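J.: Return a 3D structure for these sequence lines:
(chains A and B)
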Amino acid sequence: MVKCPVLSSLPLARCLLTEKTLRIGYLVLILAVSAGFSLALAGETLPSPAGEVILTISGNIERSNGSGIAALDREMLERIGKRTIRTSTAWTDGVKAFEGPLMRDVLAFVGAHGTSVKATALNDYVVEIPVADFEKYDVILALRMDGRDLHPADKGPIWIVYPRDQFSELQTPRYDERWCWQLTRLVVQ
Amino acid sequence: MKAIVKTLRGNTLAVLAIVVFIFCLGSAFSRLVEIERAGSQDLTESWIWLESQAEFEAVRFADALTRYGTGDTKESHDTLIQRFNVLLGRLALFHEGPPRRWYAQAGVATEVLDGVETLAGLSSEISALRAGDSAAALRIRAAVDPLIPLLQAAATRTLHAERSRDFARQDIRHTTMIEILVYVLGIMASGTALLLRLIQTLRRTVRAERALRRATEFSERLVESSDEGIVAFDRDLICTLWNPSMNTIFDVPPSAALGRPLGEVLWLFGDANIVSKLRGAFDQWSPGGQAVITHSTPPERVIELSCSPLRRGDEVVGGIAFIRDITERCRIEEALRQSQKMEAIGQLTGGVAHDFNNLLTIILGNLALLRGKLGDRADLAALADTAEQAGQRGAALTDQLLSFSRRQHLRPEPLDLCSAMQGIDAMIRRPLGRGITLALDVIPGLPRVLADRNQLEVAVLNLVINARDAMPQGGRITIAADSADFRQTADGAEEETVSREYVKLTVSDTGIGMSAATRERIFEPFFTTKAVGKGTGLGLSQVYGFVQQSGGRISVDSREGIGTTVSLFLPVVSESPPILQGAMVSEPVGYIAT
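T.: Residues are numbered from 1 along each chain as shown, chains lettered A, B, ... in the order given. Purely as a prediction, here's the structure:
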């Protein structure tokens, strides 16, 4: 029998609990803990954004902050993580340094389950991206380029950036069209 | 290298085909790569989309601006800002990166770029714009509106450029495809030519190999099946060829001879002469010659060699010798010589006997006349009788001589040997001395033979007397008769080829036998081993002559100390009696009555 080290280390508990009661109690405790944990997960809500919402994530997600939609402001995104990618792009000159959270971390943050993500831009551009991309490559939601925040008037506030220079297969139109700028909405499917 | 050049010169067509093949393959491949590259460079469609999208977003912004300026409550300030940002973001693409390079290259409106600059400068004014401020809205529109036709014109231009590029590309693709088709045809044609050439070469090689194999097999078969022994050797007399007939002659298998010095191989055969004769092959004039080889087991064999040099160009690299076993030929030649000698002696003695017979006829005739004249003179008659008896003996002698020389007149008749022998039983027993027994072992019922009865009796008597004389210590004489096929029973060396049936009459004794030297001469007239006055030397000559004349054969088997057997082979009576040699004498000579 597996002994609970915490319980058996307490002299009083050892006196009170017989072998049988200990077993039942242990079972009950496990059940209670696991039930509570899953309840907490299911019902867990994300904190409400303090600043301007720049990205909404909807669809098959576990965590939200209101009617199944996760609305995120710049600060929340920055808190998820920061990764820098230095790469050239199909639309800019030279090598740029992009900063932002990893896409897979953002999706994990909202508890997303799905095979693809539909990204929509301010200019109504829509592109569907396989989730596998985010596992295979370190794709980021770039918030800054060359140390400056991306502005809505120039591909901001969020630009999906692939490590294009590191992988030759990424240097094709097929991947270039997944670089959605002025990103404003993600739908997990 | 020279060989390659030579081969190339001989195969101009093949070389040409190879060159064409490689050229066509290379060209077709490079053309395909060109087409592939041209296809992958196609990005213009995105530029058209970009320009159209920019135009659309400009229109949307202008529309939003107008409505906001007129105080339309549906239009929020945020939406207006967003539309402005979207437009600016779009137009920023004209400013940098690959799109800017392309526009610069295509000569697209610097006005557009200028317009974008102006628009970017309005951002603070737009932020501050209040709903219903139509004057300010119009001011801003004045900056946006000219952009719309410019963008549209740019899109149209790009479209036209793309179209003409497309047409040009299609033209190039068509010509390139035709070119590739031609190259493919070239590849196929030259490939087929090469393939045919290859097949032809292979076939020729196979055919040449087959012909060579046939030729080799043929010459091998020639050497293998030759009755003559063929031996070839190099200048050191090392054997390089030893055919099966050599094995037959020398009893040395090829495996024991090939690769070895012939001096060693032939050493066993005693005659160093052979090796020196073989060496003679290296000379221009080497007649070869004869040699006697001695095997470990007799008999000796006589061989004849002819040698000739083996040449490569002018150089003599070895020799070849053809060896024939001529033992048999030598034996036949010897027999022929013997026969010719006997013939000559026969002619001589025949002539002498004939003349002598004529003399005796005169003597005996005159003696008969003389006796008639003597009347009652008994004393003189006794003398005449003596003279006449001597004359008669002389006549008997000439008779025997004539018999040998085959000039005797024979009266052949079918004889039953059994009754003939029984008839002379008493006569032949008379001369036998003490201690000699005679056995008559003639089976009744044998086929009858064709012979002169008188001469047969004389021949048997002669043989019996010879047998008796060969047994001074006494012994046994056997007369036997049996049917025989001559070819089987006679000496194997006889050349008789006609199969005829014979009856063999043998007279054998247990006497002293004969030496080989004696045996060779026994049929010669006057040859005798008996003491002077004891024999005439004509006994066996008579036998020989009689048998020859009767169409038979005679063979003598004698061993010193053991005895002698003389066999007479007499022809059996057939439907058509054999022609008697005696009857063929062209000039029948006279004979004397005995």
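J.: can you give me the helices in chain A?
T.: Secondary structure of chain A (DSSP state H): helices at A:5-9, A:11-16, A:19-43, A:74-80, A:103-109, A:132-136, A:173-176.
J.: and the residue positioned nearest the centre of chain A, what does it touch?
T.: For chain A, A:Val106 is the residue whose C-alpha lies nearest the centre (CA atoms, centre = their mean; 2.0 Å). By CB atoms under 8 Å, 6 or more residues apart in numbering or on different chains, A:Val106 lies in contact with A:57, A:72, A:77, A:80, A:141. Where you see a C-beta, it was placed from the backbone N, CA and C, and this is true even at glycine.
J.: now A:Gly66
T.: Counting by CB under 8 Å, 6+ apart, A:Gly66 has contacts A:45, A:48.
J.: can you pull the contacts of B:Thr70?
T.: B:132, B:134, B:137.
J.: Setting aside sequence neighbours, what's the nearest residue to B:Gln422?
T.: Distances taken as CB to CB, 6 or more residues apart in numbering or on different chains put B:Leu440 closest to B:Gln422, at 7.3 Å, once the chain neighbours are dropped.
J.: Following the chain past the host helix or strand of the one you found, name the next helix or strand.
T.: According to DSSP states H and E, B:Leu440 maps onto strand B:436-442. The element immediately downstream of strand B:436-442 (helix or strand, assigned by DSSP H and E) is strand B:449-452.
J.: Tell me the helices and strands packed up against that following strand.
T.: strand B:412-415, strand B:563-571 (3 or more CB pairs under 8 Å, 6 or more residues apart in numbering or on different chains; DSSP states H and E).
J.: Adjacent strands (with direction) for the longest one?
T.: According to DSSP bridges, the neighbouring strands of strand B:563-571, each with its direction, are strand B:501-508 (antiparallel), strand B:553-559 (antiparallel).
J.: Double-check B:Leu505 against B:Leu570; I have them as touching.
T.: Yes: counting by CB atoms under 8 Å, B:Leu570 is a contact partner of B:Leu505 at 6.4 Å.
J.: what is in contact with these two at once?
T.: Residues within reach of B:Leu505 and of B:Leu570 at once, by CB under 8 Å, 6+ apart, are B:Leu417.
J.: Return the residues of chain B in contact with chain A.
T.: Residues of chain B found near chain A (CB under 8 Å from any CB of the partner chain) are B:43, B:46, B:53, B:57, B:82, B:84-86, B:88-90, B:92-93, B:96-99, B:120, B:123.
J.: Give me the buried entries from these.
T.: Buried subset of these (neighbour count, 16 or more other CB atoms under 10 Å in any protein chain shown): B:46, B:53, B:57, B:82, B:84-86, B:88-90, B:92-93, B:97-99.
J.: Determine which two of the residues you listed are furthest apart.
T.: Pairwise distances across these (CB to CB) peak at 26.7 Å, for the pair B:Gln82 and B:Pro98.
J.: beta partners of B:Ile303?
T.: Here B:Ile303 sits in beta bridges with B:Ala291, B:Asp325, going by DSSP bridges.
J.: Neighbours of it, how many?
T.: Close neighbours of B:Ile303, defined as other CB atoms under 10 Å in any protein chain shown, add up to 21.
J.: swap in B:Ser306?
T.: 16.
J.: now the stretch 301-450 of chain B, which segments are flagged as low pLDDT?
T.: B:404-409 (pLDDT under 70).
J.: Sorry, wrong one. I was asking about chain A.
T.: A:1-44.
J.: Go again with 50.
T.: Applying pLDDT under 50 to chain A picks out residues A:1-13, A:15-17, A:35-43.
J.: Same question for chain B.
T.: Counting by pLDDT under 50, chain B shows low-confidence ranges at B:488-499, B:576-594.
J.: Give me every residue in chain A lying close to chain B.
T.: So chain A meets chain B at A:89-93, A:122-123, A:151-156, A:173, A:181-182 (CB under 8 Å from any CB).
J.: Between those, which sits nearest B:Val460?
T.: Among these, and counting by CB to CB, the member closest to B:Val460 is A:Pro173, at 135.4 Å.
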